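Participant: Got a predicted structure here, sequence first:
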Amino acid sequence: MKSFLEILFFGAALVTPGCAHWTYDRIIVNDQVIGEPWQYVRQHSNGNNFLSDVTSNDMRCNIDGLLSGTNTSTYPVNAGDKLGFTIKDTFGHPGPQQVYISKAPANVKDYDGSGNWAKIYTLSNCETDGCGTGDGIVKWATYRAQTFNFELPAETPAGEYLLRAEGLAIHAAQKIKGAQFYVACAQIKVAGNGTGLPGPTIKIPGDYTENSTGILIPKIWSQITDYTSPGPSLWPEGTEEAHVLDGKVKPSD
């Protein structure tokens, strides 16, 4: 007999695409949802649909997201602040949630994301004792999230940044181009005395491939017993992947 959690995950794989897809439209700063939808997040033209071509520039900030910077406000934050995103609809498919930062050479409104990206957050599988099934199959801490929070490293140097949310749905990732990416970029201006050098870094697009670990998985998602998220190790060095959702903020309508 399947556990209740397994039934939920099975049901999630059967729901219609419109019900399971999502996007990110607002940021959270120190447990407060900030502004209106798309005020500080670059508005894209992809609705709640996914991306599957990891070689496309759309992987940076979604379709037309590189064109909307001048129409997007930049929010001031401090290095070390607790940040987050609201998820329009819910995170409705199995897979990890990740966050990258890329420092703009000048005004972030004009930045196309062609520089270096460092990964500062990954939320993936539940802790073993938090899922309660004991069958060894990967369960996801991201499931049905409407918000998630993470720390902007205190080491982050002052400046203007793109803050990129990347949700990856892997329910069809056992085949080439089956992985589904949901991405959006917020614009932030970081204050503080951080002197760290974010890294290791990647280029987006460039470092992700169709065959990358975590993008192409060896078998159907409901049978995998181990998962490694794509991309570089987390910055700062020693940062651990999250296995428990910090998402207690409820977005208002």
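Facilitator: Cool, got the structure. Residues are numbered from 1 along each chain as shown.
Participant: the helices in this structure, which residues?
Facilitator: 4-14, 17-20, 58-61, 128-131 (DSSP state H).
Participant: Skipping adjacent residues, who's closest to Asn149 in space?
Facilitator: Leaving aside its chain neighbours, Asn149 sits nearest to Gly84 (3.8 Å; criterion: C-beta to C-beta, 6 or more residues apart in numbering). Bear in mind the C-beta positions are built from the backbone N, C-alpha and C, glycine included.
Participant: What distance do you get for that neighbour to Ile188?
Facilitator: Applying C-beta to C-beta, to the nearest Å, the value for Gly84 to Ile188 is 12 Å.
Participant: Give the residues shared as contacts by the two.
Facilitator: Ile27 (C-beta atoms under 8 Å, 6 or more residues apart in numbering).
Participant: State the distance from Gly206 to Pro96.
Facilitator: Applying C-beta to C-beta to Gly206 and Pro96 gives a distance of 20 Å.
Participant: Could you do Ile224 as well?
Facilitator: From Ile224 to Pro96 the distance is 12 Å (C-beta to C-beta).
Participant: who has more neighbours, the two?
Facilitator: Neighbour count, other C-beta atoms under 10 Å: between Ile224 and Pro96, Pro96 has more, with 26 against 18.
Participant: the more surrounded of Gly84 and Ile188?
Facilitator: Gly84 (28 against 24).
Participant: Provide a list of residues in contact with the more buried one.
Facilitator: With C-beta under 8 Å, 6+ apart, Gly84 has these contacts: 27-29, 147-150, 246-247, 249.
Participant: picking that back up, bridged to the residue nearest to Asn149, which residues?
Facilitator: On the basis of DSSP bridges, Gly84 is bridged to Ile28, Asn149.
Participant: Roughly how far does it sit from Cys126?
Facilitator: Gly84 is 19 Å from Cys126, by C-beta to C-beta.
Participant: got it, and Gly199?
Facilitator: In terms of C-beta to C-beta, Gly199 sits 29 Å off from Cys126.
Participant: Then Ile224?
Facilitator: 13 Å.
Participant: cool, and Tyr161?
Facilitator: 30 Å.
Participant: ok, back up a step: looking at Gly199 and Cys126 now, which is surrounded by more residues?
Facilitator: Cys126 (20 against 15).
Participant: any chance of the contacts of Gly84 in TSV, plus distance to Pro236 and pLDDT?
Facilitator: Putting the contacts of Gly84 into TSV (distance: C-beta to C-beta, whole Å; pLDDT from 0 to 100) gives the following:
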residue	distance to Pro236	pLDDT
Ile27	21	98
Ile28	21	98
Val29	20	98
Thr147	24	97
Phe148	20	97
Asn149	18	98
Phe150	13	98
Asp246	18	94
Gly247	23	85
Val249	25	69
